[in-house]
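Undergrad: pasting a predicted model and its sequence here:
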Amino acid sequence: CSFSTRSRGKGADMVNTKGYRRGTRYLFSRNFRKHGVEHLSTFLKVYKVGDIVDIKCNGAFQKGMPYKFYHGKTGRVYNVTKRAVGVIVNKQIRNRIIPKRINVRVEHVKHSRCREDFLRRVKENEEKRRIAKETGKKVNLKRQPVGPRSGHFVKTHKKEPELVEPIPYEFLA
């Protein structure tokens, strides 16, 4: 017989677990120095239908925790209940994207900051448009790429510039 009768070690006969929380040892762990009682502000935040939220699982609360795939995903609130929110999240499965509806407790969601910059630009553009209309000038409201820096002189403070060049290659036998 080619098989050894000796024990093959502790982990030899083990297989991958197939549990609901498989592979989440570090994914759902609390951050360094962020353990302890959850702040009340987490529970007092107001979520409305249509809000964009980020799903971030909090390992201290097992109830209402979404499946690990949804951790770190962004979705839109479609339903609000006493302790939880319903969120529509897009999930790519092979060649299609399916909008999934999941119910998540408020401990595991937070308001997304993805639209902050856009909303700030909208406000600024409206103000610029209003001022341009009053003065009768034409204004460009589109974002412009950052151009090259303008030329300038470098002060040497009475020190001679040092020439830096590579050392010539020498073959040593």
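TA: Sure, I can see it.
Undergrad: do you know the pLDDT at the most centrally placed residue in the chain?
TA: Note on the chain: the residue nearest the mean C-alpha position is Gly72, at 6.3 Å, using Cα atoms, centre = their mean. The model reports Gly72 with a pLDDT of 97.
Undergrad: for the protein, longest helix please?
TA: For the chain, the helix that runs over the most residues, judged by DSSP state H, is helix 116-135.
Undergrad: packing partners for it?
TA: On a contact count with 3 or more Cβ pairs under 8 Å, 6 or more residues apart in numbering; DSSP states H and E, helix 116-135 meets no helix or strand. (C-beta placed from N, C-alpha, C; glycine too.)
Undergrad: circling back to that earlier point, okay, and the residue nearest to the centre of the chain sits in which element?
TA: With elements delineated by DSSP states H and E, Gly72 resides in a region that no helix or strand encompasses.
Undergrad: doesn't Lys56 make contact with it?
TA: Yes. Counting by Cβ atoms under 8 Å, Gly72 sits close enough to Lys56 to count as a contact (6.8 Å).
Undergrad: what residues are shared contacts of these two?
TA: Residues within reach of Gly72 and of Lys56 at once, by Cβ atoms under 8 Å, 6 or more residues apart in numbering: there are none.
Undergrad: point out where the protein drops to low pLDDT.
TA: Within the chain, the stretches with pLDDT under 70 are 1-12.
Undergrad: mind doing that once more with 80?
TA: Applying pLDDT under 80 to the chain flags residues 1-14, 173.
Undergrad: tell me the SS of Cys114?
TA: Classification of Cys114 into helix, strand or coil gives coil, according to DSSP: H, G, I helix; E, B strand; the rest coil.
Undergrad: isn't it right next to Ile52, touching?
TA: Yes. Using Cβ under 8 Å, Cys114 is in contact with Ile52, at 6.3 Å.
Undergrad: for those two, list the residues in contact with both.
TA: Thr74.
Undergrad: the more surrounded of the two?
TA: Taking Cys114 and Ile52 together and counting by other Cβ atoms under 10 Å, Ile52 has the greater number of neighbours (14 against 10).
Undergrad: what sits against that one?
TA: Per Cβ under 8 Å, 6+ apart, neighbours of Ile52: 74-77, 111-112, 114-115.
Undergrad: give me the phi and psi for it.
TA: phi -90, psi 130 (degrees, to the nearest 10).
Undergrad: so it bridges to which residues?
TA: With DSSP bridges applied, Ile52 shows beta-bridge pairing to Arg76.
Undergrad: how much space between the nearest residue to Tyr70 once chain neighbours are set aside and Met65?
TA: Nearest non-adjacent residue to Tyr70, counting by Cβ to Cβ, 6 or more residues apart in numbering: Ile55, 5.0 Å away. Spatial separation of Ile55 from Met65 under the definition Cβ to Cβ, to the nearest Å is 10 Å.
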